[in-house]
Structure formats: C-alpha cells, structure tokens
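Colleague: Could you look at this predicted model? Sequence included:
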Amino acid sequence: MGTRVLILPVLSGLRYWLSSPAFSFPLAVWLCLVSFGISLYRTSPGQGFAGGFIYGFLIWFVSTWWIKISLNYVVQLPSWQAWGWTIAFCAFYALPYALFGYLAGKFRLLETNRGVWLAATLLVVLRT
C-alpha cells in the first residue's frame with residue numbers, strides 16, 4: 001500500500017484537529033479534503049477504503065474523544081470500556097468515508113473533472 005494513502009489521511013486528520021476551537025486555526029479545515037483527495041488519486045478500491053477509513057476515524061476521534069469522559073463519569077463505565085466504546089463509535093462513523101474511498105478507487109472518480117464533481121456529490125450523500 002502506498003505511503004501517501006496512509007500518510008495523507010493522517011495529515012488531513014491533524015489539519016481537522018488544528019481547526020478545532022482548542023487550536024483556533026479554522027482555515028485548516030479547508031485543507032483537510034485536499035490531502036484526502038490527493039491520497040485517493042489513482043488508488044485501488046482497497047487502498048481507497050483504507051485511506052477513507054483512516055480519514056473518517058481520525059476526524060471523528062479528534063472531534064469526539066470526550067465521549068470517553070462522559071461514559072466514564074456519567075455511565076460509570078471503567079476507562080478501558082469507555083475508550084473501547086469511543087473507538088467503536090469512531091470506527092462505525094468512519095465507514096461512510098471508507099465506502100467513499102472504495103468507490104473513488106473503483107470508479108476512478110478523482111481522475112477526471114466530471115468525476116471530481118460526482119465524487120463531491122457522492123461524499124455529501126454518503127455522509128448524510
């Protein structure tokens with residue numbers, strides 16, 4: 001698997017994290033999808049699935065890590081179970097991004113101008 005398929009989605013997740021109120025770089029969020037899109041350019045469906053899953057998992061994890069705290073203190077779950085449920089939640093919600101990466105790789109959506117517009121529409125539909 002190409003390193004760009006792994007590294008660029010991680011970079012996108014870090015940019016998403018930098019755009020959060022904790023760091024206050026809101027324009028970084030505009031760059032998230034750019035590196036994610038570059039990582040999906042000319043990939044196989046399996047690589048696209050992996051890249052999409054990594055991207056989706058990271059943006060959900062940096063956005064919702066605090067669920068662990070609520071599960072721990074409000075629901076009274078042990079820390080290891082609270083982390084487990086938080087990770088399971090992030091993995092579940094990463095699946096639309098993984099499906100998008102799979103479809104982008106299978107149909108080579110990011111290799112033509114029309115495909116890019118179709119990919120943007122597909123991502124919105126899958127997330128909804």
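Modeller: Sure thing, it's come through. Residues are numbered from 1 along each chain as shown.
Colleague: Can you tell me how far the residue nearest to the spatial centre of the chain is from residue 80?
Modeller: Among the residues of the chain, the one closest to the centroid is residue 56, at 1.9 Å (C-alpha atoms, centre = their mean). Here residue 56 is placed at a distance of 23 Å from residue 80 (C-beta to C-beta, to the nearest Å). Backbone N, C-alpha and C define where each C-beta goes, glycine included.
Colleague: cool, residue 22 as well?
Modeller: Looking at residue 22 against residue 80, where the rule is C-beta to C-beta, the gap reads 25 Å.
Colleague: Tell me the pLDDT of the residue nearest to the centre of the chain.
Modeller: For residue 56, the pLDDT comes out at 97.
Colleague: my guess is it contacts residue 99, does it?
Modeller: No - between residue 56 and residue 99 there is no contact under C-beta atoms under 8 Å: 9.3 Å.
Colleague: The nearest residue to residue 19 once chain neighbours are set aside: neighbour count?
Modeller: Distances taken as C-beta to C-beta, 6 or more residues apart in numbering put residue 29 closest to residue 19, at 3.7 Å, once the chain neighbours are dropped. Using other C-beta atoms under 10 Å, residue 29 has 16 neighbouring residues.
Colleague: residues contacting residue 29?
Modeller: Counting by C-beta atoms under 8 Å, 6 or more residues apart in numbering, residue 29 touches 15-16, 19.
Colleague: out of the residues you listed, which one sits closest to residue 72?
Modeller: Each of the contacts of residue 29 was checked against residue 72 using C-beta to C-beta; the closest is residue 16, at 24.3 Å.
Colleague: State the pLDDT value of residue 28.
Modeller: 85.
Colleague: Report the contact partners of it.
Modeller: Per C-beta under 8 Å, 6+ apart, neighbours of residue 28: 15-16, 18-19.
Colleague: Same question for residue 48.
Modeller: Residue 48 neighbours (C-beta under 8 Å, 6+ apart): 5, 40, 100-106.
Colleague: Cool, thanks, signing off.
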